[in-house]
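Visitor: Next one to model:
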Amino acid sequence: MAKRNLKTRKIRAKDLQIQDTKLSFKFIITVMFVILVILFLLGALLKIQKTKIIKNETKTEEDNLDLFFSSDGSTRVKMYLPAVDADGNGVNTILTVEATRGSGRTLTDIDNLLFWADTQHSIRIARKVAENVTGKNEKDYDIVYTIEANASLIGGPSAGAALAIATIAALESKKLNNNVMITGSINHDGSMGPVSAILEKAKAAKEKGAEIFLVPLLQSRDVVYETSEHCEEFGSSEICTTETKPKKVDVAAEAGIEVKEVETIKDAMVYFFE
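Guide: Prediction:
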């Protein structure tokens, strides 16, 4: 009987040892899981912090562009100018306008001939409109226009409105609201004309951090073209063609930016000058 009891105790002790081993294994697994979760959360926090640092560095770089400078009768303003590249994607260039007391000269520094060919007429009109709006005598100022355009950019008259706004700011030594960007051609009377690729430019403005995007009248809605392939069977052969269909889009909803229609440069000035 004593031997049987001893054997029973040994079996129970062994069972308890096994159970303890299982509990220890479960405990180790649980601890490892908790550690992995903590490491994952730390990694996510570090990634978020790194993203914030990159954004702050980007903002600092933009702040270092010296978007406004005025001294001794000379004023220089910079603003972002939305455009499209050769692939039809929205991009941002930098427009600089500097006005200095002088003899009425207009100087340009545009490093892309295609962009220049489409912009030179807009510069002449923009200067004339700015002088009419401000009442400044064109013979009293030399104005330098600089557009930092990537070589792949496709030019167009859409820089006209921005050129006029920047010229007005330079002539009157006013800071621009950098939360606003604009696209639109410019007419001699200060009215804005229609341009193309509104949606792509709106997306570029959003990417640059703008909160309001100004467009000509009736262009807060754009038309994009979607392509699809249609195939039909003819006997033992199949013929496929590419079809293009127009689609109306709400630019504000599609690009995620507030879009305002403006009719004239004076309308746009309300948003740019606080």
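
Visitor: quick one: secondary structure of Lys26?
Guide: Reduced to three states with DSSP: H, G, I helix; E, B strand; the rest coil, the structure at Lys26 is helix.

Visitor: What separation do you get for it and Phe33?
Guide: As judged by CB to CB, to the nearest Å, Lys26 and Phe33 stand 10 Å apart. Quick note: C-beta positions are derived from backbone N, CA and C, even for glycine.

Visitor: With Gly193 instead?
Guide: 64 Å.

Visitor: Compare the two and say which is more crowded by neighbours.
Guide: Applying other CB atoms under 10 Å to Gly193 and Phe33 shows that Gly193 carries more neighbours, namely 14 against 10.

Visitor: Need phi/psi at the more buried one.
Guide: phi -110, psi 160 (degrees, to the nearest 10).

Visitor: just Ala210 next, same as before
Guide: Dihedral angles for Ala210 - degrees, to the nearest 10 - are phi -70, psi 150.

Visitor: Before we move on, what's the pLDDT of the closest residue to it other than its chain neighbours?
Guide: The spatial neighbour of Ala210 that comes closest, neighbours along the chain excluded (CB to CB, 6 or more residues apart in numbering), is Met181 at 4.3 Å. On pLDDT, Met181 comes in at 96.

Visitor: Quick check: buried residues in the helix or strand containing Ala126?
Guide: Applying DSSP states H and E as the criterion places Ala126 in helix 113-134. Residues of helix 113-134 classed as buried: 114-116, 118-119, 122-123, 125-134 (neighbour count, 16 or more other CB atoms under 10 Å).

Visitor: Tell me how far Ala44 lies from Val31.
Guide: 21 Å.

Visitor: which stretches of this structure aren't confidently modelled?
Guide: 1-25, 27, 47-66, 68, 70-71, 111-117, 149-156 (pLDDT under 70).

Visitor: can you give me the helices in it?
Guide: 2-63, 113-134, 160-172, 198-208, 251-255, 265-272 (DSSP state H).

Visitor: Tell me what Glu229 is bridged to.
Guide: Thr242 (DSSP bridges).

Visitor: so how many other residues sit close to it?
Guide: 8.

Visitor: circling back: just the angle between the helix holding Ala126 and helix 160-172, please?
Guide: Orientation of helix 113-134 against helix 160-172 (axes from the mean of the first three to the mean of the last three CA atoms, to 10 degrees) gives an angle of 50 degrees.

Visitor: packing partners for helix 113-134?
Guide: Packing contacts for helix 113-134, counted by 3 or more CB pairs under 8 Å, 6 or more residues apart in numbering; DSSP states H and E, involve strand 106-110, strand 141-148, strand 153-154, helix 160-172, strand 185-186, helix 265-272.

Visitor: try 10 Å this time
Guide: strand 90-101, strand 106-110, strand 141-148, strand 153-154, helix 160-172, strand 185-186, helix 265-272 (3 or more CB pairs under 10 Å, 6 or more residues apart in numbering; DSSP states H and E).

Visitor: most packed of those?
Guide: helix 160-172 (a mean of 27; mean count of other CB atoms under 10 Å).

Visitor: So what's the gap between that helix and the chain middle?
Guide: 21 Å (CA atoms, centre = their mean, to the nearest Å).

Visitor: go on, stretch 212-228?
Guide: 16 Å.

Visitor: Just the buried positions in that stretch, please.
Guide: 212-216, 219-222.

Visitor: list the contacts for the spatially most central residue of the chain?
Guide: The residue lying closest to the centre of the chain (CA atoms, centre = their mean) is Glu207, at 2.1 Å. By CB atoms under 10 Å, 6 or more residues apart in numbering, the residues touching Glu207 are 82, 90-92, 255-257.

Visitor: Could I get those residues in a markdown table, plus columns for distance to Glu200?
Guide: As requested, these are exported to a markdown table (distance: CB to CB, whole Å):
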| residue | distance to Glu200 |
| --- | --- |
| Pro82 | 8 |
| Gly90 | 4 |
| Val91 | 9 |
| Asn92 | 11 |
| Ala255 | 9 |
| Gly256 | 13 |
| Ile257 | 12 |
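
Visitor: hmm, which two among these are most spread apart?
Guide: Val91 and Gly256 (17.3 Å; CB to CB).

Visitor: is it true that Val84 touches Glu200?
Guide: Yes: Val84 lies in contact with Glu200 (CB atoms under 10 Å); the separation is 5.2 Å.

Visitor: Much appreciated, bye for now.
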